[in-house]
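1. turn this into a structure:
(2 chains, ligands or ions: 3)
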Amino acid sequence: MNLEILGISVLWTFLFGYIVVGAIDFGAGFFNAYSLMTGKQRILTKVIQRYLSPVWEVTNVFLVFFFVGIIGFFPKTAFYYGTTLLVPVSFGVILLAIRGSYYAFETYGARGHKGYSFMYGLAGLLIPASLSIVLTISEGGFIEMVNGNPVLDYWELFTSPLTWSIVVLSIAATLYISAVFLTWYANKAGDREATKLLRKYALIWSLPTIVTAGGIIFELRKHNPDHYANIQTFWPMFLISFILFVGTVYLLLKKQQYGWAFALLVGQFAFAFFGYGASHYPYLLYPYLTIYDSFTNPAMAISLVVAFILGLCLLIPSLFLLLRLFLFNKDYVRGKEDHHA
Amino acid sequence: MGNEEAVFYSRVLTELTLSFHILYATIGVGVPLMIMIAQWVGIRKNDEHYILLARRWARGFVITVAVGVVTGTAIGLQLSLLWPNFMELAGNVIALPLFMETFAFFFEAIFLGIYLYTWDRFENQKKHLLLLVPVAIGASFSAVFITMVNAFMNAPQGFDIVDGELVNINPIIAMFNPAMPTKVAHVVITAYMTAAFVLAAIAAFRLLKGSDHIYHKKALFLTMKVGLIFAIGTAMIGDFSGKYLAEYQPEKLAAAEWHFETQENAPLLLLGIMDDGEVKYAIKVPFGLSLLAHNNPTAEVIGLDQFPEDEVPPLYIHYLFNIMVLIGMWMVFLAAWFWIGIKRGWKSVTTRWFRWLIVLGGPLSFIAIESGWWLAEVGRQPWILRHIMRVEDAATTSGHVDLMLILFALLYLVLGIGSIVVLRRMFRNNPVERELEDRHTEKGGDVH
Ligand code: HDD
Ligand code: HEM
Ligand code: HEM
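-> Ligands and ions are numbered 1, 2, ... in the order given. A predicted model of the protein is given here:
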């Protein structure tokens, strides 16, 4: 394995991490707001808050890690993506800012404030939509070179069915991932009512997720035939992903083994995400940028890898401690302990 | 929108985001240390007041962290969005500390979550305090790493440019550039100082607003004492920063000091105004500048005459420099007065007007932080990377920066107001007197 592939694999893994923890987080915020509006907050809010409160800041760092890392390993992306993404990413950042800060305002400062909850619930749902545009753009066809500078064609972008299917997928997947995780969490907390409601949400959102995911592959055939052809060669990964999806839904329907249901779901998304990533190789941006012509110098690459390994030695035990104290601690999950500052 | 406009708006947006982020980031760096000190004192003296102090600061801290995190994410992305050419080059050479910064954030975020949710969970209080150590380290190291990047912009090294290609890249040499030691030290210690004086201002304000509780008096004494130490450190390291400038960025020092001609025995100019290229009403301290720059009253100090006109930074940074230094001196004086006054039982330090001066110290420290950064950044103009890349060559070519500027300005307005409203409400609804009482009844009515 060369350094280019190592670099992109690490970054892709962190992006995957962000997508999973972020989706749980954003979806939870949305369900929380929704339950406030429909008067079901009694059922859901406690479960959601117990999980979210200690971890929300960690979620954000996954994203920061990804975008700082990509500039480090592939500095040319700053030129292509930096110039063209000003508008979509700025919107994403503004939503992230509203979502993050109002989440903290509501949780630590003004518990139960409806306006704040509503704001971060809605913002959370729009974040995946606005950030997923980056994936759409990476498929090529939306960026043109004008006088040596990349320019984004908004009309083309917003009239493309590909864009909108990816947006829908991002929203559906967010709600689906979040609902499955929270079903498990609520079940662990021994909260029957919440489990029941969240299981229902999970089942509702499973279908749109799989349908749009399939639809996107189909649309790529028109939009980017090269990529479509590549995807064909990775068909086993997508098949496994689908089987895992069926497994999750089966367990949910049977009302058993919610922990496994969530594990299968992570597997489903991992196979699809890495299959997609592998078929995208070697392009970072069709057709201008590959991981090879944008890669940094060897000195920087090696020092980044070393820093990464040292960093992991610090992070993994810490993350483990966090999970042990809050996710796997029965008393905490059940709400028997409250030691908030 | 032409490129000139894009450059202009990119600058304004960068200025805005950084000036806003730095307020919260400074608190983020300094306050964990203050919480640690208070909790430590509380455990050592077995004094519940200090522990409650730590706890209440920690609660407020979460709100400022949240805004710090989201605005930091904004500036992190904006660097690539607004300055793509700069980031492409910088990514090749100085990405290492940026990358390490994310680990510092990670570390801080994880332990902050744990710390906040484990109050009273451990029998041994010291274990809980131990969880705060990584938070404080993570926060301070975020500042260290990002300031290394900024130092690199002022004194780039660790690479060569041959025919427009970057060669001989050495990320470690780039990190440990000449601007790094003084810059990092000054930034970190000013954050500690500011946090101490901001918390002191809050304590003084409570005392002024009628609460006469010993809790606030303890808080005030602790924060002012710590503030004094850091203020003295700030002035000393600030002096080193001046010496660094004299050696490596003489044009910045000369512009900040309105020092036009290279000369020996150079005087220091304080305040004054510029009238048609002539300085008026300034206070002249003989030999001052030579002393500041080289520790030697007769040393030669390079003036602006040594630089081509288009490489001279804007002269208004003189005022920024003066504001920062005057505030620095004033805070040392005020804190020393308070400390000696308390020890000696002077009446003056418990008067209302003195407490108002302490309250004023909080905002003043923030003003010093802002003027310091503006001095440092504007003083680097016209360069984004000194002597390598100019600002106008670094900016985006996108035509929508003006619209984004408006949106972000609105965002910061919402965040700024929101954080103040929430903080006020948080502490008003739960005054310390009530919380102390609740705790006692809790203890008295022990049912376990
Ligand atoms: C509470 C805030 C505060 C206070 C009281 C002071 N400073 Fe400062 N100063 C900063 C906050 C700051 C800063 C925000 O941290 C800066 C901006 C960029 C940097 O490196 O540090 C800075 C920059 C800065 C620079 C420019 C460094 C550069 O561009 O590389 C110099 C020469 C000084 N300071 C010198 C002083 C002196 C002689 C002070 C005397 C008391 C002083 N500062 C007080
Ligand atoms: C957080 C405190 C900081 C503040 C308040 C601040 C303030 C400013 C200001 C006022 C400018 C505009 C100068 C002008 O246009 O005349 C500027 C420019 C800039 N700063 Fe900073 N800065 C800070 C830290 C940093 C750091 C740590 C970095 C790098 C990692 C950085 C990167 C830049 C860049 C890329 C520009 C744009 C180019 C330029 O105008 O020179 N800044 N900053
Ligand atoms: C160009 C300059 C800067 C960039 C790109 C930047 C980037 C960031 C980012 C991405 C975050 C959010 C991290 C997270 O998700 O947890 C953040 C937060 C933070 N930044 Fe900045 N930052 C800059 C300037 C500074 C400076 C100059 C300081 C210190 C003096 C600083 C100190 C902090 C701290 C302590 C936090 C953690 C949040 C908090 O505790 O309030 N940053 N920054």
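2. most remote residue from chain A's center?
-> A:Asn147 (35.2 Å; CA atoms, centre = their mean).
3. which residues touch whichever residue of the stretch 101-250 of chain A sits closest to ligand 1?
-> Closest to ligand 1 within the stretch 101-250 of chain A is A:Ser101: 23.7 Å, counting by CB to the nearest ligand atom. Just so you know, the C-beta spots here come from the backbone N, C-alpha and C atoms, and that holds for glycine as well. Residues in contact with A:Ser101 (CB atoms under 8 Å, 6 or more residues apart in numbering or on different chains) are B:66-67, B:70, B:415, B:418-419.
4. same question for A:Phe118.
-> A:33, A:36-37.
5. same deal with B:Gly28?
-> B:61, B:64-65, B:68, B:139, B:142.
6. helix, strand, or coil at the residue of the stretch 101-250 of chain A closest to ligand 1?
-> Of the three states, A:Ser101 takes helix under DSSP: H, G, I helix; E, B strand; the rest coil.
7. and the stretch 201-341 of chain A, which of its residues are near ligand 3?
-> Nowhere does the stretch 201-341 of chain A come near ligand 3, counting by CB under 6 Å from any ligand atom.
8. can you list the weak-confidence ranges in the stretch 201-341 of chain A?
-> For the stretch 201-341 of chain A, the stretches flagged by pLDDT under 70 are A:328-341.
9. could I get the full set of helices for it?
-> A:225-233, A:235-254, A:258-280, A:298-326, A:330-333 (DSSP state H, counting those that start in this stretch).
10. pretty sure B:Leu207 contacts B:Lys218?
-> No: using CB atoms under 8 Å, B:Leu207 is not in contact with B:Lys218; the gap is 11.2 Å.
11. so can I have a markdown table of the contacts of A:Phe118 showing neighbour count, pLDDT and distance to B:Ala409?
-> Compiled in a markdown table, the contacts of A:Phe118 are given as follows (neighbours: other CB atoms under 10 Å in any protein chain shown; pLDDT from 0 to 100; distance: CB to CB, whole Å):
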| residue | neighbour count | pLDDT | distance to B:Ala409 |
| --- | --- | --- | --- |
| A:Ala33 | 23 | 84 | 26 |
| A:Leu36 | 18 | 80 | 30 |
| A:Met37 | 13 | 80 | 31 |
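12. quick one: which of these sit in helices?
-> Taking DSSP state H as the definition of helices, those contribute A:33, A:36-37.
13. low pLDDT regions in chain B?
-> B:1-2, B:276-277, B:279, B:439-448.
14. could you redo the last one with a cut-off of 50?
-> B:1, B:443-448 (pLDDT under 50).
15. OK, contacts around whatever residue of the stretch 251-400 of chain B ends up closest to ligand 3?
-> Distances between the stretch 251-400 of chain B and ligand 3 by CB to the nearest ligand atom are smallest at B:Trp373, namely 7.4 Å. B:Trp373 sits next to B:18-19, B:22 when contact means CB under 8 Å, 6+ apart.
16. what about residue 129, neighbour count?
-> Picking chain A for this. For A:Ala129, the neighbour count with other CB atoms under 10 Å in any protein chain shown is 20.
17. chain B, not that one
-> So B:Leu129, with other CB under 10 Å, has 19 neighbours.
18. cool, and A:Lys46?
-> A:Lys46 has 15 nearby residues by other CB under 10 Å.
19. hang on, isn't B:Ile214 packed against B:His49?
-> Yes: shown here, B:Ile214 and B:His49 form a contact pair, counting by CB under 8 Å, at 7.0 Å.
20. pull the contacting residues for residue 227.
-> This is for chain A. Applying CB under 8 Å, 6+ apart, the residues near A:His227 are A:139, A:220, A:279-280, A:283, A:286.
21. think we crossed wires, I meant chain B
-> Contacts of B:Gly227 by CB under 8 Å, 6+ apart are B:193, B:196-197, B:200, B:331, B:335, B:361.
22. surely A:Ser132 forms part of a helix?
-> Yes: A:Ser132 forms part of a helix when assessed by three-state DSSP.
23. which residue packs closest to it, ignoring adjacent ones?
-> A:Ser170 (3.9 Å; CB to CB, 6 or more residues apart in numbering or on different chains).
24. sorry, back to before: B:Ala235 versus the residue of the stretch 251-400 of chain B closest to ligand 3, what's the distance?
-> 17 Å (CB to CB, to the nearest Å).
25. B:Phe20 now?
-> 26 Å.
26. what two of the contacts of A:His227 are the furthest from one another?
-> A:Leu220 and A:Tyr283 (13.0 Å; CB to CB).
27. the residue in the stretch 51-200 of chain A that ligand 3 sits nearest to sits in which helix or strand?
-> Going by CB to the nearest ligand atom, ligand 3 is nearest to A:Asn60 of the stretch 51-200 of chain A, at 4.0 Å. Counting by DSSP states H and E, the element that carries A:Asn60 is helix A:56-73.
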